[in-house]
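Visitor: Quick check, what structure comes out for this input:
(2 chains)
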There are 2 protein chains.
Amino acid sequence: MFQDFRLVGDRPVPIQVKEYVKRLIIRGALQADQKLPSTREMSGLLKVSRNTVIAAYEDLAEDGYTYAIPGQGSYVAAMSHSAADPGGAACQIDWKARMNEYAVSAVELDGMKQGIRAPKGVISFTSIAPDEQLFDLGDVKRAFMDRMAIEGQVLLNYGYAKGYKPLIDYLLRYMENKGVDISGKDMLITSGFTEGFDMVLSLLRPSARRGAAICENPTHNTAIKNLKLQGFEITGIPMERDGIDVDQLEAILQKQTSSFDVAYLTPSYHNPTGIVMSPAKRSAVMKLMTRYQIPVIEDGFNEELRYSGAHVAPLIATAGQGNGVIYIGSFSKVLFPGLRVGWVLGDRALIDTLESIKRARTIHTSTIDQSILYQYLLNGNFDKYVKKARAEYKRKYELTKACCEAHLPEAQLSGDGGLHLFLTFPTGVNTHQLLVACTTEGVIFTPGDKFFIQEGEGTNTMRLGFSRVTDENIERGIQIIGEQARRFI
Amino acid sequence: MFQDFRLVGDRPVPIQVKEYVKRLIIRGALQADQKLPSTREMSGLLKVSRNTVIAAYEDLAEDGYTYAIPGQGSYVAAMSHSAADPGGAACQIDWKARMNEYAVSAVELDGMKQGIRAPKGVISFTSIAPDEQLFDLGDVKRAFMDRMAIEGQVLLNYGYAKGYKPLIDYLLRYMENKGVDISGKDMLITSGFTEGFDMVLSLLRPSARRGAAICENPTHNTAIKNLKLQGFEITGIPMERDGIDVDQLEAILQKQTSSFDVAYLTPSYHNPTGIVMSPAKRSAVMKLMTRYQIPVIEDGFNEELRYSGAHVAPLIATAGQGNGVIYIGSFSKVLFPGLRVGWVLGDRALIDTLESIKRARTIHTSTIDQSILYQYLLNGNFDKYVKKARAEYKRKYELTKACCEAHLPEAQLSGDGGLHLFLTFPTGVNTHQLLVACTTEGVIFTPGDKFFIQEGEGTNTMRLGFSRVTDENIERGIQIIGEQARRFI
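Guide: Next up, the predicted model:
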């Protein structure tokens, strides 16, 4: 015994000794009332200092694993249970049989589990996460240390379901600066966009029947997933070059006998098409939503990644004092996705209810994340970072666009900004087949059909995320896609 | 104009100037194509340096709010929208009318909204959050800086739904050290206990009918809330001095025609009673659960706050290789609640499904929180902290107990550890009325009825949380409760 003790480098030695002996006791290798080797002997056996063993023995006794008899030594305490109870047959539950519709759908709709993994060396256009090389780690560290110095322990105790007050105040101001009238409105901090979206849907979902949602088609695949998971039937409205097809939207609304429970819209840098909805369309859409009394969830996705053109106000600004728009924002795509912070801005009564739902689901969002983000914004780091990131992404955006125009002239391009472009090939080109061909050549991308509402739509489309691809690989990758595409056209 | 500019101390000045001008533009105080004051003039008007104004003007142009005419100056760009669209009537939605059962229940069951607020100077026994004075801020900061130095940017980009791998590995080992057989099991990291519990319930809730849950009575009020919110009917089993009443449990199980979907149990330092379930009862309960094939959610609440007696293995250890127990753990009560990190340990197939649900709800738990916690554990800080915290809480626990015995001899006491005691007064003493009387004397506590399943139960009980009360106030507060209680007995 005691031959298999191995020290690891980066952890206090007394704790390693304590845990080693604890395991022997729990596994029954050391029995109740058995005497442990003296501290001197154990020190020799484990090749650690005697003081280390003394400290470990003290902790074991304090934790109730051993008891000391003064002048004699340390003895193993009787365990209430030695691991499994041999008397009771171990309970075996057939979990698969117990899973409800929600759980089964959650797995079926989980794109990540069916997703493409990029092997090493492959050029991957599948990610639209930011390029972590751009992160200004020094500023993030300083934000953390600054905030810790100001608030200290308070940041580590319970916070509020509604969110960290200084951050809420900052973001309300931030939204005011986008032209939003915040009177009668309030804000809830969430653990990213997804939590906000899922909570709002759980509130809007009708109790007695399936919900009815209307949205752009194609649209954000996570939103499709969450709508389906919450039991919504989805009606998709096609996209035009300047945003949703307003005539079709109106036609559907006129035809519909019962109203939609919610509209989900991404007016700026729409995922996956990258299209920015024109100001005229924003007005027209909001008039229709008002006439048909449909609440709008506005996805503020990537609004900060404008590369050119004038500032366009979000729908919630267009709505003025109206309370029909629920704006969900997040800095995840432009800043740090690892910080799980998003926000929901909307009618005060609505936010008050969401606060209760938030409390029931996760109590509150990480205070550390919220306070780092707040201090980072306050220090002016965000403005500095966005400037740098925007310049870099703009360059890549233009490079990707030029490469597509050169190597994929047959495909129709869309994307006014953001971290990706969307390509529509002539009907008949199946991008899943194209992906298989490209994979063997070392290039992968996201086939676009998963962004469409109905099965079988968009099979001739793809999304190219360029944020984490080097310039060289953008050129080479798109050239390869072009070569392979030619075989399908 | 420009008279109302006010500098705040802690934010870069060019950003303040930029945001000030941006607001004037968005609010329409500066009109399209209007010329801005020259940088020299503006510098005088705002009393900031000219370089500051130059930097601010550059950023405004880059963001599309202004345009520069070389040699002439800066002009306001045409906004796509000037705040609200005066043409469209603002949409007004009657949110109250749109809220479903879930949303209405979430508000109704939200104890915090109906909770007692403690005015300044009042002695409050309502909190069972840890005492933040004990937090070792230096170690937390070091853990953050250490991890940042090792992993850097990666920590700020997207993580995995399942959790931060080093933390999962550490916690699996940690659970093994509690005697758990982890073969066939896996772990998911959640944003605290509550998220784990809510996700597990959403998976176990039957699709076609209301769910049926069985639990200790009284029990954790948040668990009652979440069970109700997820549509479970709850059957409560009374507590005895050494845990749940096993005879009653068996009687109920025998009588029941259809099986329970889930049992929720807190075997150690049960909330609110503080009772530790005896090893014999743990065995008996697990045998019943196996016989009746009922999945168990084990709440690992405060397991680390053992003050005396031998180590008691959790139910999931008692279950051996069985897969019927889902253990939900968290360090929130003993360590830092502000770090929203918990974990679910259970059958591998179950965890795989929960991973998909987690991804649909919040993508993943804050990587910063997870990596700080991991490094803090690895550095051995947790062991050191628990030792200190345990000594301090044990002292307070004994003081509180002694005060109760002295000033409230009529009340039956329970609590084997943890951060609170539970008191049961003779029938007829209504602790809500007692609370009103105590509040006027400057002392508040938590009436115990909210921990009971049925309305009207436990009206003669109270929970006294002592973790954040000073020794002096513990003595004074309990003396006052005693004086007031005498009027009701």
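Visitor: Neighbours of the closest residue to chain B within the stretch 251-400 of chain A, how many?
Guide: Across the stretch 251-400 of chain A, no residue is closer to chain B than A:Gly320, which sits at 2.5 Å (Cβ to the nearest Cβ). No exception for glycine: its C-beta is placed from N, CA and C like everyone else's. Using other Cβ atoms under 10 Å in any protein chain shown, A:Gly320 is surrounded by 22 other residues.
Visitor: just the one 10 residues further on next, same as before
Guide: A:Ser330 has 26 neighbouring residues, counting by other Cβ under 10 Å.
Visitor: Tell me how far the nearest residue to A:Phe5 once chain neighbours are set aside lies from chain B.
Guide: Excluding its sequence neighbours, the residue lying closest to A:Phe5 (Cβ to Cβ, 6 or more residues apart in numbering or on different chains) is A:Leu46, at 4.9 Å. The spacing between A:Leu46 and chain B, counted by Cβ to the nearest Cβ, to the nearest Å, is 17 Å.
Visitor: least trustworthy helix or strand in chain A by mean pLDDT?
Guide: Of all helical and strand segments in chain A, the minimum by mean pLDDT, DSSP states H and E falls on helix A:111-114, at a mean of 76.
Visitor: Can stretch A:328-337 be said to contact chain B?
Guide: Yes. Taking Cβ under 8 Å from any Cβ of the partner chain as the criterion, stretch A:328-337 and chain B are in contact, through A:336-337.
Visitor: So for that stretch, mean pLDDT?
Guide: When pLDDT is averaged along stretch A:328-337, the result is 85.
Visitor: likewise stretch A:435-452?
Guide: Mean pLDDT, computed over stretch A:435-452, is 96.
Visitor: now do the same end-to-end measure for it.
Guide: In terms of Cα to Cα, to the nearest Å, the two terminal residues of stretch A:435-452 are separated by 18 Å.
Visitor: Tell me the buried residues in that stretch?
Guide: A:435, A:437-439, A:442-452 (16 or more other Cβ atoms under 10 Å in any protein chain shown).
Visitor: Over to stretch A:465-478?
Guide: In stretch A:465-478, residues buried by neighbour count (16+ other Cβ under 10 Å) are A:465-469, A:473-478.
Visitor: Between all of these, which two are at the greatest distance?
Guide: Greatest spacing in the buried residues of stretch A:465-478, by Cβ to Cβ: A:Ser467 and A:Arg476 (16.9 Å).
Visitor: Is there proximity between the longest helix along chain A and chain B?
Guide: The longest helix of chain A (DSSP state H) is helix A:381-407. Yes. Helix A:381-407 lies in contact with chain B when judged by Cβ under 8 Å from any Cβ; the contacting residues are A:383, A:387.
Visitor: I'd like the mean pLDDT over that helix, please.
Guide: Here the mean pLDDT over helix A:381-407 is 93, rounded to a whole number.
Visitor: Tell me where the stretch 201-350 of chain A has helices.
Guide: Remark: helices assigned in the stretch 201-350 of chain A by DSSP state H, counting those that start in this stretch are A:221-229, A:246-255, A:279-291, A:315-318, A:348-362.
Visitor: Check which helices and strands the third one sits against.
Guide: Of the remaining helices and strands, those touching helix A:279-291 by 3 or more Cβ pairs under 8 Å, 6 or more residues apart in numbering or on different chains; DSSP states H and E are strand A:243-244, helix A:246-255, helix A:315-318.
Visitor: Equivalent analysis for the second one, please.
Guide: Helices and strands touching helix A:246-255, by 3+ Cβ pairs under 8 Å, 6+ apart, are strand A:211-217, strand A:232-240, helix A:279-291.
Visitor: Just name the most buried of the ones you listed.
Guide: With neighbours taken as mean count of other Cβ atoms under 10 Å in any protein chain shown, those reach their highest mean count in strand A:211-217, at a mean of 23.
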